[in-house]
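In: Here is my input, please return the structure:
(one chain, ligands or ions: 1)
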Amino acid sequence: MNADLGSPRELTGLQRRRALYQPDLPPCLEGTRVRVELGDPTTTIDPKCADIVAQAFPHTFGQKLVHFLESNTMVSDTQVIEEHPPIRVGVLFSGRQSPGGHNVIWGTYDAMKAQNPHNVLLGFVGGTEGLFAKKTLEITDDVLSSYKNQGGFDLLGRTVDQIRTTEQVNAAMSTCCDLSLDGLIIIGGVTSNSDAAQLAETFAKHNCKTKVTGVPVTLSGDLKNQFVETTVGFDTVCKVNSQLISNVCLDAVSAGKYYYFVRLMGGKASHVAFECALQSHPNMVILGEEVALSKLTLMEITNKICEGVEARAAQGKYHGVLLIPEGLIESIPEMYALIQEINNLHSNNIPEDEIPSQLSPWAAALFKFLPPFIRRELVLHQESDNSAQLSQIDTEQLLAHLVEAEMNKRTKEGNYKGRKFSSVCHFFGSQARGSLPSNFDCNYAYVLGHICVQLVATGLNGYMATVTNLKDSTNKWRCAAVPLTAMMSVRRHLRGPGAVPIGRPVIHPSPIDLKAESYAVLREKASSFLLDDFYRTPGGIQFEGPGADTKPITLTIEGHDYLGDIEILQDYLEKVRTILKPGCSREILKAAISSMASVNDVLKVMSAPLNAELPLYHFN
Ligand SMILES: O=P(O)(O)OC[C@H]1O[C@](O)(CO)[C@@H](O)[C@@H]1O
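Out: Model prediction:
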């Protein structure tokens with residue numbers, strides 16, 4: 001454990017300014033009187049698994065939804081919390097670093113002190129290991145001062161995202177009992193929140209008074225369902241990565257000689273890569289969900305990229321930018337099967353170096369075909385959820401390697417006559433995780449911290465703090481809490497009516513919805529992105545000033561706002577058309593011509609019918 005955790009940091013000018021930013025609270029959480037409304041009892045998001053989840057969580061399954069309302073909203077079945085006897089709460093970072101995490105602690109602290117100055121908030125130093133070892137740091141104004149609105153998780157640090165074995169659960173319970181905690185707040189993604197549900201159930205079973213609350217914090221954005229719109233950190237990470245990608249795009253087009261293969265952190269699902277593609281318009285993005293759906297093999301993906309390279313070469317372009325989600329590797333059918341075999345061998349405690357010799361013949365053949373660096377990475381020890389360590393597998397290098405080999409082959413066979421293919425690989429992961437969080441993430445995390453305190457004060461156990469209507473301004477956000485069991489399901493291994501649920505109930509990462517409108521937009525623009533170098537420069541995160549709120553939240557959350565972008569352009573085009581009436585004056589024409597760069601941009605995003613209409617205007 002790092003000895004520097006929690007010590008005051010020396011802040012730069014920008015950090016100091018950020019530390020002064022005061023996150024907004026929605027009206028329902030302002031003041032000390034909060035109205036709590038109990039809604040409908042819940043089952044699970046997958047009704048077919050309800051019985052299994054109910055059996056596994058007899059004490060916490062089926063609890064009611066909770067809504068927090070402005071204190072003057074009158075509805076039946078509500079409770080107003082006015083009296084606040086002192087409480088003690090523990091908090092820990094369980095999941096991976098994600099920008100905004102510190103503000104959950106700050107929000108929790110402020111809400112606790114507003115309720116009763118004698119309340120005590122204890123942070124577990126070193127995450128789960130700190131929880132098991134009872135290693136705490138009391139959160140105070142002083143401790144918090146240099147961590148407000150700051151990136152990283154270094155106020156408390158983190159270790160393993162796992163509270164699962166009987167030993168771990170018992171250690172957590174004895175810590176909570178010994179410290180006499182009324183509440184335990186677990187900050188993390190799907191794995192941490194699944195563990196939080198299990199802990200809540202165990203605590204309830206053993207009459208432990210500590211109420212467990214989960215908070216959706218993960219850069220991956222995959223803890224997403226009918227109750228949770230997005231996770232803390234996703235907005236920032238997508239904005240930072242999009243800026244980096246757009247810089248790479250401009251670099252690529254400037255020199256015209258490299259293909260950049262950029263892998264993006266984000267777990268099994270491709271939300272980060274998808275959002276970044278919408279923001280920065282690279283030439284290609286290969287989403288794991290598409291690959292899984294079409295069952296594309298490694299060679300089919302390679303050929304698809306090669307076709308893109310050839311099509312661009314036909315236009316004299318020898319550069320490009322490709323986005324690759326880190327989870328792609330597991331979406332390729334034959335790679336998935338190989339990784340499953342490796343995982344099974346790990347689960348049977350076979351040492352890394354013996355794994356290759358224990359593979360089935362077909363898996364061994366595939367393994368042998370892969371370059372040595374990928375082989376080494378594939379056999380690394382597993383993540384806490386028994387899956388491969390995606391961040392350690394250089395899928396971008398594997399693809400660059402296969403594409404280069406295929407392009408050389410095509411050249412040799414005389415099928416490709418363009419310049420030699422050249423690639424540069426990047427992995428964008430931690431660069432964005434440590435970023436100063438966006439205003440959105442600062443506000444979202446701070447509000448979630450407040451909700452956690454209301455849950456503990458109301459005595460609710462096994463809930464996740466949630467906020468919906470996030471695309472609106474903070475004063476319209478709807479604050480709620482959802483039983484963790486309501487988000488659980490059990491994986492089925494067979495499709496169709498014969499499907500049998502296998503495994504234990506957990507909260508699963510949600511894949512990209514390939515039926516969503518934002519996905520349709522991306523597909524519609526795919527050939528233009530591939531050939532036209534229609535790169536977009538979103539720029540760095542703007543914290544203040546005129547640029548700060550132009551795009552307050554990620555495009556995929558807003559759903560239609562990418563279309564909104566197009567609407568703005570359409571509107572602009574209409575204006576240009578109105579000015580450019582046939583026979584218009586020279587001055588007006590000159591003014592319009594000076595906007596031509598933008599008109600060209602417009603042309604690139606416009607759909608075909610509008611494109612077709614434009615030549616009616618003769619600018620020369
Ligand atoms: O830095 P680490 O510990 O390798 O974690 C990386 C992993 O954590 C995540 O950010 C979140 O689970 C994944 O996207 C990624 O594979």
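
In: from here on, contacts and neighbour counts on C-alpha atoms
Out: OK.

In: hang on, isn't D222 packed against H271?
Out: Yes - counting by Cα atoms under 8 Å, H271 is a contact partner of D222 at 6.9 Å.

In: what touches both of the two?
Out: P511 (Cα atoms under 8 Å, 6 or more residues apart in numbering).

In: can you pull the contacts of N443?
Out: N443 sits in contact with 23-25, 103, 474, where contact means Cα under 8 Å, 6+ apart.

In: rerun at 7 Å
Out: Shown in contact with N443 (Cα atoms under 7 Å, 6 or more residues apart in numbering): 23-24.

In: what does this structure have sitting close to the ligand?
Out: Residues of the chain lying close to the ligand by Cα under 6 Å from any ligand atom are 96, 220, 265-267, 390-391.

In: Just the closest of these to V456, please.
Out: R96 (24.1 Å; Cα to Cα).

In: What is the burial count for the closest one?
Out: By other Cα atoms under 10 Å, the residues close to R96 number 23.

In: Just say helix, strand or coil for it.
Out: coil (DSSP: H, G, I helix; E, B strand; the rest coil).

In: give me every residue that touches it.
Out: For R96, the contact set (Cα under 7 Å, 6+ apart) comprises 188, 218.

In: Could you do G233 as well?
Out: G233 touches 98-100, 217-219, 441, counting by Cα under 7 Å, 6+ apart.

In: returning to what we had before: so which of the residues of the chain next to the ligand wins on neighbours?
Out: S220 (30 neighbours).

In: buried sites along whichever helix or strand S246 is part of?
Out: Using DSSP states H and E, S246 maps to helix 234-255. For helix 234-255, a neighbour-count test (16 or more other Cα atoms under 10 Å) marks 234-253 as buried.

In: which intervals of the protein have sub-threshold pLDDT?
Out: Counting by pLDDT under 70, the chain has low-confidence residues at 1-3, 32, 72-83, 493-501, 549-553, 555, 557-620.

In: Report the distance from stretch 277-285 to the chain centre.
Out: 17 Å (Cα atoms, centre = their mean, to the nearest Å).

In: Could I get the contacting residues of whichever residue of the stretch 301-450 of the chain sits closest to the ligand?
Out: Relative to the ligand, the nearest point of the stretch 301-450 of the chain is S391 (4.0 Å; Cα to the nearest ligand atom). Neighbour list for S391: 265, 326 [criterion: Cα under 7 Å, 6+ apart].

In: Can you list the buried residues in the lengthiest strand in the chain?
Out: Across the chain, the longest stretch assigned as strand under DSSP state E is strand 34-41. Going by neighbour count (16+ other Cα under 10 Å), the buried part of strand 34-41 is 34-38.

In: Same question for stretch 176-185.
Out: 176, 179-185.

In: Among those, name the ones in strands.
Out: Reading strands off the buried residues of stretch 176-185 with DSSP E, I get 183-185.

In: Most neighbours out of the contacts of G233, which is it?
Out: In the contacts of G233, the most neighbours by other Cα under 10 Å go to G100, 38 neighbours.

In: measure that residue to L436 for me?
Out: Distance of G100 to L436, given as Cα to Cα, to the nearest Å: 8 Å.

In: Same check on T165?
Out: Taking Cα to Cα, one finds T165 at 34 Å from L436.

In: Those two: which has the busier surroundings?
Out: L436 (24 against 10).

In: Pop out the phi and psi values for the spatially closest residue to A50 that is not a sequence neighbour.
Out: Using Cα to Cα, 6 or more residues apart in numbering and skipping residues adjacent in sequence, the residue nearest A50 is T44, 5.6 Å away. The phi/psi pair for T44 (degrees, to the nearest 10) reads phi -130, psi 160.

In: Give me the contact list for the helix or strand harbouring V272.
Out: Using DSSP H and E, V272 falls within helix 271-280. By Cα under 7 Å, 6+ apart, the residues outside helix 271-280 that reach it are 220-222, 238, 241-242, 245-246, 264, 266, 285, 323-325, 512, 522, 535-538, 555-556.

In: quick one: the closest residue to the ligand within the stretch 1-150 of the chain and A56, what's the gap?
Out: Of the residues in the stretch 1-150 of the chain, the one nearest the ligand is R96, at a distance of 5.3 Å by Cα to the nearest ligand atom. Distance, R96 to A56, by Cα to Cα: 27 Å.

In: in the stretch 251-400 of the chain, which spans are helices?
Out: 271-280, 288-294, 298-313, 328-331, 333-347, 355-358, 361-369, 372-378, 395-412 (DSSP state H, counting those that start in this stretch).

In: Dump the first one to PDB, restricted to CA.
Out: If I follow you right, that is helix 271-280. Output of helix 271-280 as PDB, limited to C-alpha atoms (Å, rounded to 0.1, in the frame of the first residue of the first chain):
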ATOM      1  CA  HIS A 271     -18.900   2.100 -25.000                       C
ATOM      2  CA  VAL A 272     -15.700   4.100 -24.700                       C
ATOM      3  CA  ALA A 273     -14.600   3.400 -28.300                       C
ATOM      4  CA  PHE A 274     -18.100   4.000 -29.600                       C
ATOM      5  CA  GLU A 275     -18.500   7.400 -27.800                       C
ATOM      6  CA  CYS A 276     -15.000   8.400 -28.900                       C
ATOM      7  CA  ALA A 277     -15.800   7.500 -32.500                       C
ATOM      8  CA  LEU A 278     -18.900   9.700 -32.400                       C
ATOM      9  CA  GLN A 279     -16.800  12.500 -30.900                       C
ATOM     10  CA  SER A 280     -13.700  12.400 -33.100                       C
END
